[in-house]
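>>> sequence? don't have it. structure:
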């Protein structure tokens with residue numbers, strides 16, 4: 001069974017990039033996170049979501065406010081990282097590392113997502129294997145490895161508190177959200193493909209019957 005085991009955060013929101021990595025160890029079957037307002041509870045969930053799906057929290061100006069403010073750190077550029085150790089659905093331990101940076105310019109901030117790393121251990125030799133991936137590749141691979149679709153991770157498992165009322169949204173948005181969660185678009189496409197195949201076979205059968213009449 002897939003599970004998340006340990007999370008390391010540096011340079012995310014209130015987690016200072018100049019400090020050591022802050023490590024959160026998750027327990028099975030349940031981990032309860034308790035703390036005062038503003039201490040970083042939501043940041044932990046946001047970091048888990050970002051590590052798993054590559055999705056940034058809502059309303060963060062394209063990632064600029066997700067990373068520690070360069071002005072607060074006294075730097076023109078701040079690099080941040082999220083490391084997540086997890087067990088995939090095959091029972092193998094893996095580590096995903098996602099890095100990003102924010103640069104302070106004269107009047108604005110620029111956010112840049114850096115290439116991520118997926119680390120695992122060869123079960124036969126015990127050798128550690130590290131593979132560099134583009135962000136979009138990790139966004140596809142990680143949900144597949146844990147056996148949970150990206151929409152379920154985004155909108156159910158790691159749903160942000162600002163978006164927790166999405167079941168009360170207007171009809172069109174709600175329908176699209178449920179379509180994503182239940183992957184109904186893929187199901188519809190499969191039915192359409194079956195319908196086209198059935199028509200093609202029916203047309204071929206008609207042609208074969210016509211040929212048989214000619215040879216009879």
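The structure has been received and is ready for your questions. Every value quoted in this text rests on a predicted model; they were computed, and no experiment measured them.
>>> From residue 64, how far out is the residue nearest the centre of the chain?
Among the residues of the chain, the one closest to the centroid is residue 53, at 0.7 Å (Cα atoms, centre = their mean). Shown here: residue 53 relative to residue 64, a distance of 19 Å by Cβ to Cβ, to the nearest Å. The C-beta positions use only the backbone N, C-alpha and C, and glycine is treated the same way.
>>> same deal with residue 29?
When residue 29 is compared with residue 64 (using Cβ to Cβ), they lie 37 Å apart.
>>> quick one: which of these two has more around it?
Shown here are residue 29 and residue 64; by other Cβ atoms under 10 Å, residue 64 has more neighbours (17 against 5).
>>> Next, the more buried one: phi, psi?
phi -60, psi -40 (degrees, to the nearest 10).
>>> Please apply the same query to the one 5 residues further on.
Torsion angles at residue 69 (phi, psi; degrees, to the nearest 10) stand at phi -60, psi 120.
>>> so what pLDDT did the nearest residue to it once chain neighbours are set aside get?
Once flanking residues are discounted, residue 69 sits nearest to residue 78: 7.6 Å by Cβ to Cβ, 6 or more residues apart in numbering. Residue 78 carries a pLDDT value of 93.
>>> Which of the helices or strands spans residue 78?
For residue 78, the element it lies in under DSSP states H and E is strand 77-87.
>>> Can you list the buried residues in that strand?
78-87 (16 or more other Cβ atoms under 10 Å).
>>> Pick out whichever of those residues sits closest to residue 135.
Minimum distance to residue 135 across the buried residues of strand 77-87 is 12.1 Å, recorded for residue 82 (Cβ to Cβ).
>>> and the longest helix seen in the chain, what does it pack onto?
Ranked by residue count and defined by DSSP state H, the top helix of the chain is helix 184-215. Helix 184-215 sits against no helix or strand, with contacts defined as 3 or more Cβ pairs under 8 Å, 6 or more residues apart in numbering; DSSP states H and E.
>>> separation between the closest residue to residue 4 other than its chain neighbours and residue 207?
Leaving aside its sequence neighbours, residue 4 sits nearest to residue 86 (Cβ to Cβ, 6+ apart; 4.8 Å). Residue 86 is 54 Å from residue 207, where distance means Cβ to Cβ.
>>> repeat for residue 114
Counting by Cβ to Cβ, the separation of residue 114 from residue 207 is 57 Å.
>>> ok, these two, which is more surrounded?
residue 114 (16 against 10).
>>> before we move on, back to that, need the contact list for the residue nearest to residue 4.
Residue 86 makes contact with 2-5, 93-96, 146 under the criterion Cβ atoms under 8 Å, 6 or more residues apart in numbering.
>>> Poorly predicted segments of this protein, please.
Flagging of the chain using pLDDT under 70 yields the residue ranges 60-62, 216.
>>> re the thing from before, what's near enough to touch the residue nearest to residue 69?
11, 17, 67-70, 101-102.
>>> ok, 7 Å please
11, 17, 67-68, 70, 101-102 (Cβ atoms under 7 Å, 6 or more residues apart in numbering).
>>> Quick check: beta-bridge partners of it?
For residue 78, the beta-bridge partners under DSSP bridges are residue 102.
>>> Likewise for residue 130?
Beta-bridge partners, per DSSP bridges, of residue 130: residue 119.
>>> Relative to residue 138, how far out is it?
From residue 130 to residue 138 the distance is 13 Å (Cβ to Cβ).
>>> Perfect, that will be all.
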